[in-house]
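J.: okay, structure incoming, though there's no sequence with it:
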Ligand code: KG4
Ligand code: ZN
């Protein structure tokens, strides 16, 4: 079995997965959403302190599996450096105490593998990653064969929901709050479609966010209608750019991952797209859309099988990582 630790943002999570069967043996996650809610976003120092408290409590519950462990995996990048550090410290302590090899996992690859928990990989696959920190279209062909087709020029998809919710004083995380509120709204606000006149495949959410700020200042519209109009335009932009990528690369498999892949309107729109362009669509189970250690454990199994270990000294936090661009 492998034990995996995730602490890249505001979820403290540990998972244990069986290497051969890929069965999830243990999985627990303590979310800090409540604690950050009053600030309208994640406060890194607070998050770090909460991880330092939560992770050892979860670890206690896994002790009976220690004799069966073959490796310790931990998210090392990307994320908040002070929170990633909490997981890395724990992984290093376990490396010394249990004399087990270390595996450093890229959180974004983790999100891709949220599609393959207790399953085999499906590849090649085009993957749309929509989370609080990232909005990317990736081409996936295995853990070490991921390239980037498109990314955001400014804010990410989930972040724009968080910011709009904050401007409307609705709390954090904004995604589920806006989605729920939009159910009672109508599309009565004209908003700009981002990058409409650009020929590239890219995302941008800051202009839309600013347009919403001005709308809120006008004090003319209901919060429900602002939520509906914003969500519709944010998703229209996703679909517009993904359509471009799909026409260009013609994938047979398309996955949508990351916290915002829980959005049911996103899922509905992509279901329509999959029928039109004839590709197979994949989503993670709802419980694995947001940050979790099960997806990190699933990547760790691939890395274990390829003996991709990192030694104690070299295991370091890397707040930012880039994927290489896909060939045109
Ligand atoms: O993957 P995740 O848990 O953390 C990161 O790695 O960033 O994603 C969290 C993000 C937040 O910005 C949250 O507002 C967004 O995902 N999110 C959603 C929904 N549920 C979560 N965005 C839109 N609609 C949702 N239903
Ligand atoms: Zn994430």
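T.: Structure received. Given the structure is predicted, the values throughout are model-derived calculations rather than measurements. Ligands and ions are numbered 1, 2, ... in the order given.
J.: count the residues that sit near the nearest residue to residue 52 once chain neighbours are set aside.
T.: Nearest residue to residue 52 in three dimensions, chain neighbours excluded: residue 86, at 5.6 Å (CB to CB, 6 or more residues apart in numbering). All C-beta spots, glycine's among them, are computed from the backbone N, C-alpha and C. By the criterion of other CB atoms under 10 Å, residue 86 has 26 neighbours.
J.: which residues of the stretch 151-300 of the chain lie near ligand 2?
T.: Within the stretch 151-300 of the chain, the positions adjacent to ligand 2 are residue 291 by CB under 5 Å from the ion.
J.: and residue 261, which of the three is it?
T.: The three-state label given to residue 261 by DSSP: H, G, I helix; E, B strand; the rest coil is helix.
J.: who touches it in this structure?
T.: 128, 130, 267, 283-284, 289 (CB atoms under 8 Å, 6 or more residues apart in numbering).
J.: I'd assumed residue 273 was in contact with residue 243.
T.: Yes: counting by CB atoms under 8 Å, residue 243 does reach residue 273; the two are 6.8 Å apart.
J.: before we move on, back to that, OK, contacts around the residue nearest to residue 52?
T.: By CB under 8 Å, 6+ apart, the contact list for residue 86 reads 7, 12, 48, 51-52, 55.
J.: show me these that map onto strands.
T.: Among the contacts of residue 86, the residues falling in strands (DSSP state E) are residue 12.
J.: if we take the contacts of residue 86, which one ends up nearest to residue 181?
T.: residue 12 (28.3 Å; CB to CB).
J.: the closest one pairs with what?
T.: Beta-bridge partners of residue 12, counted by DSSP bridges, are residue 30.
J.: re the thing from before, could I get the contacts of residue 86 as CSV with distance to residue 199 and pLDDT?
T.: Formatted as CSV, the contacts of residue 86 follow (distance: CB to CB, whole Å; pLDDT from 0 to 100):
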residue, distance to residue 199, pLDDT
7, 40, 98
12, 43, 98
48, 42, 97
51, 43, 98
52, 48, 97
55, 46, 98
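J.: which one (most neighbours) among the contacts of residue 86?
T.: Among the contacts of residue 86, residue 7 has the most neighbours (other CB under 10 Å), with 33 neighbours.
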